[in-house]
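*Asks:* Just the structure for this:
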Amino acid sequence: MAADASSSPLPRWAPTPSPSRPLWRWGGGGTPDAQTGGGDGWSLGRMFPWQRRRPAVAGFDGVEVAPGRRAGTDAVDDPGVFLTWEDVCVTVAGGAYGAQPVSILSGISGHAGPGEVLAIMGPSGCGKTTLLDTLAGRLGPGVKESGLILINGQREKLAFGTSAYVTQDNVLMSTMSVREAVYYSAQLQLPGTMPVAEKRAHADGVVRDMGLGDAMDTRIGGRMTKGISGGQRKRVTICIEMLTRPRLLFLDEPTSGLDSAASYHVMRHITRIAARENMTIVAAVHQPSGDVFDLFHGLCLLSNGRTVFFGAASDATQFFAQSGFPCPQLRNPSDHFLRIINKDFDEEVVESSKARRKTTAEAIDILTDAYQSPAYSEKTMNRIAEMKVTGGAPFRKREQARFSTKLFVLTRRSFVNMHRDIGYYWLRLGVYLGIGICLGTIFYQLGHSYSSIQSRCETIMYTTALLTFMATGGFPSFVEDVKVFRRERLSGHYGVAEYVISNTLSATPYLAVLAVIPGAMLYYLTGLTKGAAHFAYFVVDLCMCTMLVESMMMIIAVIVPDFLMGIVVGSGVQAVMMLNSGFFRLPSELPKPVWKYPCYYISFHKYAVQGFYKNEFIGQTFPSDQLVEKNVTISGLQVLQEKLEVEMGYSKWVNIAILFGMMVVYRVIFFAIVKIAEEVRPKQRRMGWKWCK
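*Replies:* Numbering: from 1, shown residues only. Next up, the predicted model:
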């Protein structure tokens, strides 16, 4: 494969194509649903040029072919993805100390086949999203699962690139337009051998399929600006995950925020793609309209973590009627089902065809017992047994963009996002300018008197403390950026290394502006040591401090995703470091346990302030205190060694190197935290394959 080995380690796969059913082929028109006639169709061979540009390579057609097969010759029809699950149980720890675990799912079994859409339905809190996350391998820490989940009869890692997952929350960059959001994602996901123009054409087709043609140039919007509607955001999220036509697609509330007409058109398009591409789709749906319900092939009805019904969606009405709860005429079947099994209203009385009135709890028990009859449950288990022996195409890693391409695209997107988001850097620039003016006018033209020594130290400390402290102002924007990274990382669009490097590259120019403009204003207003070399060092030191604080806030954003708590934690950490910088109390006076060892040596303020001190005082002379000794001068070296206790065993540039090293260490810690978090879930899954008792 042409994919760079350094690209995302997450697995990407595609089924082995066959001569009888080529992948991604539509009849007529330039888009999947266009049926205008007159044309040779829109196919993978036309959209993905590597199939026609590399005919000399036997067996290469854009996907990895299993050993022993040659695409286009002796390959058999791809049976698609057969997803089965048996006796799936999910529990979470109790809220209070010593409380018993709470069961969310109890013995859920089912299946989903290629070319069909399985709808998971039920009232709020019944476990729809939990079941979807379990099947997709996305359960969080602290959640225990058990059961048997198989793909094509084998245990496969469901998450991280082997499937696509459309989350209920629309996590998108608010500063991007619809066109830009899908374009950037297409450049990340689609193969590097595919020209950019064709990536754009494919992205345009997917966007128009979702009915977003009129909103392509409208920004998504968020907390700062108003953009597209919530329903349109949902469709943009679906577009991004549908770019590569995944073989296994999970949808969490795909119709939330959409009106009935939009819900129908979106789901109709999804079902068409499922049938055309032999795609397996599992969707958690809250309460679809009658037209949308008719589009579903299978139905999994849950209540209080138990299976009320599983089977063909068309058989659900008959099942309820046979159980004594027929659906009234002209009523939406999904509304009727959810009204009967809504556990939240346990005392609500529901009608029965047997001239008896029953509570919701009684109705759920009746339906659950009815489903356990051989007519339904055994039919489900027999179908699961058939799917387990059906051999599907092995998962193979699909070619993606190269590492360099991903790095360039992410850097460009991040740069544009930072430019448009006023809260990222521009608001901070205004605050920095205000602080620079305040400090510059308060300490205006310090001069070279004896008292100026203390004033210079105060200017340096306040500059280091205030300007770096305000780096937390962009934390809310950074938290939103991390949320987008988490979603795209789980989908396998790129790796952690690409994100960390691109974020650093895109942020460096803005941080340089934050250091140069306010720094120049403050430096020359206060009259610090003249000279271009001294000013350059001052700016570089200040820039390193801001970059280091941002690296530290990256770690806090991963550990504490809430931006209010994150600002509090970040401010607290900086305050503790500031106290141990050697300004408020000399290093020799710091209590040695904890505060000097190790806090004093891990505080970046120490190295920043001492670098500023060396830059300012070396080569300077000041008159002594005339009350102590007259007609005597004090050198800057004496001030550093005797008054400030600065470590003079190395030059000021070593302080810059130490700050740079600390910044790199913080970025590596961020990288390690994310990687460790990814390793936890696979381990939990491997430990969870046990049968429910």
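*Asks:* got a list of what the residue positioned nearest the centre of the chain touches?
*Replies:* Per Cα atoms, centre = their mean, the C-alpha nearest to the average position across the chain is that of residue 486, at 2.0 Å. By Cβ atoms under 8 Å, 6 or more residues apart in numbering, residue 486 lies in contact with residue 171. Just so you know, the C-beta spots here come from the backbone N, C-alpha and C atoms, and that holds for glycine as well.
*Asks:* mind redoing it with 10 Å?
*Replies:* 167, 171, 558, 561, 674, 677 (Cβ atoms under 10 Å, 6 or more residues apart in numbering).
*Asks:* Out of the residues you listed, the closest to residue 580 would be?
*Replies:* Nearest to residue 580, judged by Cβ to Cβ, of the contacts of residue 486 is residue 558 at 24.7 Å.
*Asks:* Mind telling me what element the residue nearest to that closest one when sequence neighbours are not counted is part of?
*Replies:* Once flanking residues are discounted, residue 558 sits nearest to residue 673: 5.3 Å by Cβ to Cβ, 6 or more residues apart in numbering. Element membership for residue 673, per DSSP states H and E: helix 652-687.
*Asks:* Show me what counts as buried in that helix.
*Replies:* For helix 652-687, a neighbour-count test (16 or more other Cβ atoms under 10 Å) marks 652, 655-656, 658-659, 662-663, 666-667, 670-671, 674, 678, 681, 684-685 as buried.
*Asks:* Quick one: mean pLDDT for that helix?
*Replies:* Mean pLDDT, computed over helix 652-687, is 81.
*Asks:* elements contacting it?
*Replies:* If contacts are counted by 3 or more Cβ pairs under 10 Å, 6 or more residues apart in numbering; DSSP states H and E, helix 652-687 sits against strand 143-151, helix 475-490, helix 496-526, helix 532-559, helix 604-617.
*Asks:* which stretches of the stretch 51-200 of the chain have low pLDDT?
*Replies:* 51-79, 94-99, 157-162 (pLDDT under 70).
*Asks:* Which stretches in it count as helices?
*Replies:* 128-136, 178-189, 196-209 (DSSP state H, counting those that start in this stretch).
*Asks:* I'd like the ones you listed as a markdown table, with distance to residue 230 and mean neighbour count appended.
*Replies:* Compiled in a markdown table, the helices of the stretch 51-200 of the chain are given as follows (distance: least, Cβ to Cβ, whole Å; neighbours: other Cβ atoms under 10 Å):
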| stretch | distance to residue 230 | mean neighbour count |
| --- | --- | --- |
| helix 128-136 | 18 | 23 |
| helix 178-189 | 14 | 23 |
| helix 196-209 | 17 | 18 |
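*Asks:* which parts of stretch 508-522 are buried?
*Replies:* So stretch 508-522, judged by 16+ other Cβ under 10 Å, has buried residues 510, 511, 512, 514, 515, 516, 518, 519, 521, 522.
*Asks:* oh, I was asking about stretch 226-243
*Replies:* Of the residues in stretch 226-243, those buried (16+ other Cβ under 10 Å) are 227-229, 231-243.
*Asks:* Take that stretch, keep the C-alpha atoms, and write them as CSV.
*Replies:* Provided in CSV are the C-alpha atoms of stretch 226-243 (Å, rounded to 0.1, in the frame of the first residue of the first chain):
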residue,chain,number,x,y,z
LYS,A,226,-24.8,31.8,14.9
GLY,A,227,-24.5,29.3,12.0
ILE,A,228,-26.4,26.5,10.5
SER,A,229,-29.2,24.8,12.4
GLY,A,230,-28.8,21.8,14.7
GLY,A,231,-30.3,19.5,12.1
GLN,A,232,-27.9,20.7,9.5
ARG,A,233,-25.0,20.1,11.9
LYS,A,234,-26.2,16.5,12.3
ARG,A,235,-26.2,16.1,8.5
VAL,A,236,-22.7,17.5,8.3
THR,A,237,-21.5,15.0,10.8
ILE,A,238,-23.1,12.2,8.8
CYS,A,239,-21.4,13.5,5.6
ILE,A,240,-18.0,13.4,7.2
GLU,A,241,-18.4,9.8,8.3
MET,A,242,-19.9,8.7,5.0
LEU,A,243,-17.0,10.0,2.9
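*Asks:* Which secondary structure state is assigned to residue 250?
*Replies:* strand (DSSP: H, G, I helix; E, B strand; the rest coil).
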